[in-house]
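1. kindly return the folded structure for what I paste below:
(2 chains)
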Amino acid sequence: MYYSKLFGKTSKTVSADEESVNAQFLIRGGFVSKQMAGVYNYLPLGLRVLTKIQNIVREEMTAIGGSEILMPSLTQEESYKTTGRDTMDVLFHTEGPGGAKYVLNPTHEEVVTPLVQKYTFSYQDLPLSVFQIQNKYRNEPRAKSGILRGREFNMKDLYSFHANEESLNEFYEVAKKAYHKVYTRLGLGDITVLTYASGGAFSRYSHEFQTLNEVGEDTVYFCEECRVGINKEIIADQNSCPECGNMDLVQKNGIEVGNIFKLGQKFSSAFGFKVLDAEGKELPVEMGCYGIGPSRVMGTLVEVFHDEKGIIWPEAVAPFKYHLLALGREDETFAEAEKIYKNLVASGAEVLFDDRRDVTAGVKFADADLIGLPVRLIVSKKTLDQQSVEMKKRNEAESKLVPIADLV
RNA sequence: CGGGGUGUGGCCUAAUUGGUAAGGCGUCUGGUUUGGGACCAGAAGACUGCAGGUUCAAGUCCUGUCACCCCGACCA
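-> Residues are numbered from 1 along each chain as shown, chains lettered A, B, ... in the order given. Have a look, this model is predicted:
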């Protein structure tokens, strides 16, 4: 991709209102543009990051047997009356022609349960799981912290359906492992801990995945040995580590980057979703739900991986791997840089090429640091004199010369 | 939703006890410059969030309203 043709621009300044690091760097770097509180436009750079996060999540959900679907954002309010959730504070309500009442889905139990019910009649159809990656709408009383807590945000939600509790429990553990894999691939594995949290109305506990970070809204007490924690909200009924019994817990702030629940029969019973067992008797369906917010993950990554100059993207989600800068003003330099760019792209590399721009080298350096691609490559008269390009990793201080012949 | 704060060209800011909007960034033109956010000259771009009110005169004071940020509450 030619930087000169990329929609979106970097900026030296950002409103003093934007205190959160993720909002500052994502806006300044041209990844996102704020529409209103808690609602963002994703520009090409930001969309590439978001898509990469989604793809990692997608791969791991597919790997545990999830079938990807896409459900609507808009749903009849009636469905929420069925489950009694029509009075939720965070629900956005809207109207259709003739006064038809709709809501914007804050989560999709009310959609997925009757949907799966429509195609599922026998215990032999179970277990099954479906997931989607889609935007959710929640009328948060207070949107905050850049893209960490929005009113519209991207979410992967997977729902599993089972003929009995054992099957649910079994799948729940499989999903838990898949979630760990996701965070490991995102580069957050070391600082993301499984955390026991409130199960709401459905079960005693749910599990959250908390990325330990100063800006986190949640307070987590966790065991440094087994890396399992307890959310402060349930510390009253559990004051030692649920996994190992360790009483010596460490307190940290956490960003909730995932949450998994055993829903039990809450939604299946509301919709009368039953299947027939081997004897032809009706069985209530057990459900689980499993959420990860790719947009929140993106904000979390910025909070975790940055320095004073900008973002330091983990390679797995960086919008491009290489940031190729052509410096100087000689036509030959740009011609050479262009060749190198084309060769890299032809070899399958993802390259952002900061080609001819009427700016000084310093501007290109500053933009590269801000955008935060993993590897910076510089082509200039200086490097070409040695048939080389200069290579520097974003998270390292030292650069080295690499012969052009060895690049690809 | 309670408390606090802030709204000024596209962006960031300034404007004394009220006196008729200034600078920087960015953009455009021309020239110089080119390995860490260069420089010179010129240009375009604002009924100061919105609606009222006080006043000879309001960016500035008052009332209302909307928006945004922070703290708290909330958070399947």
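2. can you list the neighbours in contact with the strand or helix carrying residue A:301?
-> If you go by DSSP states H and E, residue A:301 is part of helix A:294-304. The contact list for helix A:294-304 (CB atoms under 8 Å, 6 or more residues apart in numbering) reads A:20-23, A:25-26, A:40, A:46, A:49-50, A:53-54, A:57, A:133, A:145-150, A:153-156, A:186-188, A:191, A:211, A:213-215, A:255-257, A:311, A:313-314, A:317. All C-beta atoms are positioned from the backbone trio N, CA, C, and that covers glycine.
3. tell me how many other residues crowd the residue in the stretch 251-400 of chain A that RNA strand B sits nearest to.
-> Closest contact between the stretch 251-400 of chain A and RNA strand B, by CB to the nearest atom of the strand, is at residue A:362 (2.6 Å). Applying other CB atoms under 10 Å, we find 8 residues neighbouring residue A:362.
4. quick check: it is in a helix.
-> Yes: according to DSSP: H, G, I helix; E, B strand; the rest coil, residue A:362 belongs to a helix.
5. show me chain A divided up by domain.
-> Using automatic domain parsing, the domain parsing of chain A gives A:18-217+A:254-307, A:322-407.
6. next, the distance between the ends of the longest one.
-> Spelled out, that is domain A:18-217+A:254-307. One end of domain A:18-217+A:254-307 sits 17 Å from the other (CA to CA, to the nearest Å).
7. and that domain, how far out from the chain middle?
-> 11 Å (CA atoms, centre = their mean, to the nearest Å).
8. go on, the shortest one?
-> The chain centroid and the centroid of domain A:322-407 are separated by 30 Å, computed with CA atoms, centre = their mean.
9. can you give me the end-to-end span of it?
-> 12 Å.
10. now it: average pLDDT?
-> Mean pLDDT, domain A:322-407: 96.
11. got the phi and psi for residue A:45?
-> phi -60, psi -50 (degrees, to the nearest 10).
12. residue A:331 now?
-> phi -60, psi -40.
13. okay, now it: neighbour count?
-> There are 9 residues near residue A:331, going by other CB under 10 Å.
14. buried ones among the contacts of helix A:294-304?
-> Buried by 16 or more other CB atoms under 10 Å: A:20-23, A:25-26, A:40, A:46, A:49-50, A:53-54, A:57, A:133, A:145-150, A:153-156, A:186-188, A:191, A:211, A:213, A:215, A:255-257, A:311, A:313-314, A:317, out of the contacts of helix A:294-304.
15. I'd like the average pLDDT over the helix holding residue A:301.
-> 96.
16. ok, now stretch A:129-136?
-> Stretch A:129-136 comes out at a mean pLDDT of 97.
17. contact partners of it?
-> A:54, A:57-58, A:61, A:64-71, A:73, A:105-108, A:112, A:116, A:152-161, A:171, A:290, A:293-294.
18. about what we covered before: which members of the contacts of helix A:294-304 occur in strands, if any?
-> A:40, A:133, A:153-156, A:211, A:255-257, A:311 (DSSP state E).
19. rewinding a little: single out the most deeply packed of the domains of chain A.
-> domain A:18-217+A:254-307 (a mean of 19; mean count of other CB atoms under 10 Å).
20. hmm, residue A:139 and residue A:89 touching each other?
-> Yes: using CB atoms under 8 Å, residue A:89 makes contact with residue A:139 at a distance of 7.1 Å.
21. does the nearest residue to residue A:115 once chain neighbours are set aside count as helix, strand or coil?
-> Spatial nearest neighbour of residue A:115, excluding adjacent residues (CB to CB, 6 or more residues apart in numbering): residue A:71 at 7.1 Å. The three-state assignment at residue A:71 reads coil, by three-state DSSP.
22. who's in contact with residue A:71?
-> Per CB under 8 Å, 6+ apart, neighbours of residue A:71: A:105, A:108, A:111-112, A:115, A:132, A:134.
23. from residue A:159, how far out is it?
-> Going from residue A:71 to residue A:159 by CB to CB, to the nearest Å gives 10 Å.
24. shared neighbours of the two, which are they?
-> Contacts common to residue A:71 and residue A:159, judged by CB under 8 Å, 6+ apart, are A:108, A:112.
25. name the residues that touch stretch A:161-175?
-> So stretch A:161-175 is in contact with A:64, A:116, A:120, A:123, A:126-129, A:158, A:160, A:260, A:262, A:264, A:268, A:275, A:277, A:283, A:285-288, A:290, going by CB under 8 Å, 6+ apart.
26. quick one: mark the members of those that sit in helices.
-> Per DSSP state H, helices hold the following members of the contacts of stretch A:161-175: A:116, A:268.
27. what about residue A:249, how many residues nearby?
-> 18.
28. pretty sure it is touching residue A:229, no?
-> Yes: because the distance of 7.5 Å satisfies CB under 8 Å, residue A:249 is recorded as touching residue A:229.
29. which residues are in contact with each of the two?
-> A:221-223, A:241.
30. for stretch A:371-379, give me every contacting residue.
-> A:10, A:25, A:29-30, A:45, A:305-306, A:310-315, A:318-327, A:333, A:336-337, A:340, A:352, A:368, A:389-395, A:399, A:407.
31. quote the end-to-end distance of that stretch.
-> So stretch A:371-379: terminal residues 18 Å apart, CA to CA.
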